[in-house]
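Visitor: Starting from these lines, generate the structure:
(one chain, ligands or ions: 1)
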Amino acid sequence: MTDLILSLLTRRSIRKYTSEPISDEVLKDLFKSGCRSSTTGNMQVYSIIVTRDEARKKSLAPLHFNQKMITEAPVVLTFCADFNRFTKWCILRNALPGYDNFLSFMTAAIDAIIVAQTVCISAEAKGLGICYLGTTTYMAHKIIDVLELPKGVIPVTTISLGWPAESPEQVDRLPLEAIIHKEVYQDYTDEMIAELYHEKELREDSLQFMKENSKETLAQVFTDIRYKKDDNIAFSKIFLQVLRDQGFMNQEGNNSMIIS
Ligand SMILES: Cc1cc2nc3c(=O)[nH]c(=O)nc-3n(C[C@H](O)[C@H](O)[C@H](O)COP(=O)(O)O)c2cc1C
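Guide: Numbers count the residues shown, from 1 in each chain. Take a look at the predicted model:
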């Protein structure tokens, strides 16, 4: 087994970090391998914002619901879908850009997330710890202000990065049979669902979650506490407005991302 595969198989999210800084050289190595990732049409329609400054981390913290990794990690990376740079290049070179639409946002978001994951893999292979912060898409409108993101740029994910100060157990995964479909999608019967989630439901930590939240089933912990419908609707509305404000919701033909 290669070191890389071993690193992938043994990894887990790290949420506590030592105070040791991450050198510019280490960070540059991560970015070099990250930017070797596949990217749509080799356009590289993404940007990475590096936050080391304590004051800016303090400004970001509430936008990530005060998750302590933001202020405690030496480095916070915000990965952004970015058609600003590419659009500007097109205009400068007498080419008419057509990237002010939802599909282009998806293209750039996919590119940004692929880079993020490659940076994470590289970081973990070097012994660093990472944790993704899904709060990025909930609070994108405010993160845009703090990071001064122009039109055409939307934050899609964030990672906290540092040298590990904890060694947590790996958490479970569904069995591969739950995930892999041969040739075509094989939809799940109730019996299959029950079997595939059985082990997860019986885990000590799952039972603890249910008890702490006074819920009858583990699924209710997700639907009623962790990822609630009302929240999903409210944050969807905000994010759709972000897409409009940043110039990605013009499906009409005239260009709403022409940058002044
Ligand atoms: C897109 C995304 C968003 C996440 N957001 C958070 C978060 O806001 N806070 C957090 O503590 N962990 C977050 N995580 C980490 C997951 O909770 C973690 O990956 C999952 O529980 C599996 O644990 P593992 O990474 O240790 O295997 C996120 C992971 C992903 C991929």
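Visitor: Every contact and neighbour count from this point should use C-alpha atoms.
Guide: OK.
Visitor: residue boundaries of the strands in the stretch 1-150 of the chain?
Guide: If DSSP state E, counting those that start in this stretch is used as the criterion, the strands of the stretch 1-150 of the chain fall at 46-51, 75-82, 129-133.
Visitor: what about the last one, distance to the chain center?
Guide: Translated: strand 129-133. 9 Å (CA atoms, centre = their mean, to the nearest Å).
Visitor: right, is that strand up against the ligand?
Guide: Yes. Using CA under 6 Å from any ligand atom, strand 129-133 comes into contact with the ligand via Cys131, Tyr132, Leu133.
Visitor: Please tell me I have it right and the second one contacts Thr158.
Guide: Yes. At 5.7 Å, Tyr132 counts as touching Thr158 under the criterion of CA atoms under 8 Å.
Visitor: how about the nearest residue to Thr39 once chain neighbours are set aside, what does it touch?
Guide: Using CA to CA, 6 or more residues apart in numbering and skipping residues adjacent in sequence, the residue nearest Thr39 is Asp111, 5.5 Å away. Asp111 is in contact with Ser38, Thr39, Thr40, Gln44, Val45, Tyr46, Ala81, counting by CA atoms under 8 Å, 6 or more residues apart in numbering.
Visitor: Next: Thr223.
Guide: Counted by CA under 8 Å, 6+ apart, Thr223 has contacts Lys229.
Visitor: I'd like to know how far it sits from the ligand.
Guide: Distance check for Thr223 against the ligand: by CA to the nearest ligand atom, to the nearest Å, it reads 16 Å.
Visitor: what's the answer for Leu9, then?
Guide: Taken as CA to the nearest ligand atom, the span from Leu9 to the ligand is 10 Å.
Visitor: residues near that residue, how many?
Guide: Using other CA atoms under 10 Å, Leu9 is surrounded by 10 other residues.
Visitor: Could you do Asn101 as well?
Guide: Asn101 has 20 neighbouring residues, counting by other CA under 10 Å.
Visitor: which residue is nearest the centroid of the protein?
Guide: Geometric centre of the chain, nearest residue: Thr157, 3.1 Å, by CA atoms, centre = their mean.
Visitor: which residues are contacting whichever strand or helix holds that residue?
Guide: Assigned by DSSP states H and E, Thr157 belongs to strand 153-162. Residues from elsewhere that reach strand 153-162 (CA under 8 Å, 6+ apart): 15, 17-18, 20-22, 69-70, 73-84, 109, 112-113, 116, 128-137, 140, 143-144, 242-243, 246.
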